[in-house]
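Engineer: need a structure here:
(chains A and B)
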Amino acid sequence: GAGVSQSPSNKVTEKGKDVELRCDPISGHTALYWYRQSLGQGLEFLIYFQGNSAPDKSGLPSDRFSAERTGGSVSTLTIQRTQQEDSAVYLCASSLDVQGGTQYFGPGTRLLVL
Amino acid sequence: KQEVTQIPAALSVPEGENLVLNCSFTDSAIYNLQWFRQDPGKGLTSLLLIQSSQREQTSGRLNASLDKSSGRSTLYIAASQPGDSATYLCAVYSGGGADGLTFGKGTHLIIQP
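Structural biologist: Numbering: from 1, shown residues only, chains lettered A, B, ... in the order given. Got it, this is the predicted structure:
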C-alpha cells in the first residue's frame, strides 16, 4: 500500500480481555517498529522487527505483551489480560531497514481499557 | 540512557513570524535525528531527517540543524502559517535498531491567523 496501515483504529475493551493490534507496513520495508503513546508519557519504543525476527524484546512493558511478524510483512501486537494502564495509542512504523532510515508511521490504534 | 528534551513545551505566535523549536539530547553518539509533526488524533508525519554527519537539512519553509557534539538540534520554520499548527516531535536514533527512536515530549505549536 501507499503507507503504513493499522487496524483497528479504535478499540474499547474490558479489563482482563485480550486484544490484538495489527500493522501493515509499507511494501518492501524490512524493518518494523511498535511504539506506545500514553497521555503525559510521550512516545515509548516497544519492539522492532528486522524481517520476521525481533532480536530484543526488553522494551515490552510486561510479559502480557507479545508481538510477531509473518512473511516479513504484517505484524500483530497482542496484549493479554489488559489493564487500565494499557490504555494508549499504539503506533507502528516501518523503514527500508534498521540502519537509520526514515521511519514512516501509521495512524495508530487508540486502545481504551475500561 | 538517551534522553531528549524539547523546549518550549508550547508556543503560540501570530501568522507570518519565523520561529525556532529546540531539541537537546544527552548522548551525542547518535546515528541520526528526525523531526516529525503530529496533528490531533493522527499519526506522525516525518518532516526532516539529519544524518549524524550532516549539519542541516531543508525542506520548503523548514530548516533543521544538528550540532551533534553539543547535543542540540533546531527546527526553523519560516513565514509561519495557520496550517503549521501541530505538535512537533524530535527523535534520535542511536543505531542497530535495538532502541528504536527516542522521542522528546514535543512542542505544541499554535499559529494565530
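Engineer: CA-only coordinates of stretch A:11-29 in CSV, if you can.
Structural biologist: Backbone C-alpha positions of stretch A:11-29 (Å, rounded to 0.1, in the frame of the first residue of the first chain) are rendered in CSV as follows:
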residue,chain,number,x,y,z
LYS,A,11,-10.6,-0.4,20.3
VAL,A,12,-12.5,-0.4,23.6
THR,A,13,-12.2,-3.4,25.8
GLU,A,14,-12.9,-4.6,29.3
LYS,A,15,-10.1,-5.1,31.8
GLY,A,16,-8.9,-8.7,31.6
LYS,A,17,-9.7,-9.3,28.0
ASP,A,18,-7.0,-9.9,25.3
VAL,A,19,-6.6,-7.6,22.3
GLU,A,20,-4.7,-7.9,19.0
LEU,A,21,-3.5,-4.9,17.1
ARG,A,22,-2.4,-5.2,13.5
CYS,A,23,0.2,-3.3,11.4
ASP,A,24,0.7,-3.5,7.7
PRO,A,25,4.0,-1.8,6.7
ILE,A,26,5.0,-0.1,3.5
SER,A,27,5.7,-2.7,0.9
GLY,A,28,9.4,-3.6,0.7
HIS,A,29,10.2,-2.2,4.2
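Engineer: do it and chain B meet?
Structural biologist: No: Stretch A:11-29 stays clear of chain B (Cβ under 8 Å from any Cβ of the partner chain), getting no nearer than 11.3 Å. The way it works is simple: take the backbone N, C-alpha and C, and place the C-beta from them, glycine included.
Engineer: hmm, who's touching that stretch?
Structural biologist: For stretch A:11-29, contacts defined as Cβ atoms under 8 Å, 6 or more residues apart in numbering or on different chains pick out A:1-8, A:32, A:34, A:73-84, A:90, A:92, A:94-96, A:104, A:106, A:109-114.
Engineer: please apply the same query to stretch A:33-47.
Structural biologist: Residues beyond stretch A:33-47 that count as contacts (Cβ under 8 Å, 6+ apart) turn out to be A:23, A:48-49, A:54, A:56-57, A:59-61, A:65, A:67, A:75, A:77, A:87-95, A:103, A:108, B:89, B:91, B:99-106.
Engineer: could you flag which of the contacts of stretch A:11-29 are buried?
Structural biologist: Burial by neighbour count, 16 or more other Cβ atoms under 10 Å in any protein chain shown: within the contacts of stretch A:11-29 this picks out A:4-6, A:32, A:34, A:73, A:75, A:77, A:79, A:82, A:90, A:92, A:94-95, A:104, A:106, A:109-111, A:113.
Engineer: many thanks, have a good one.
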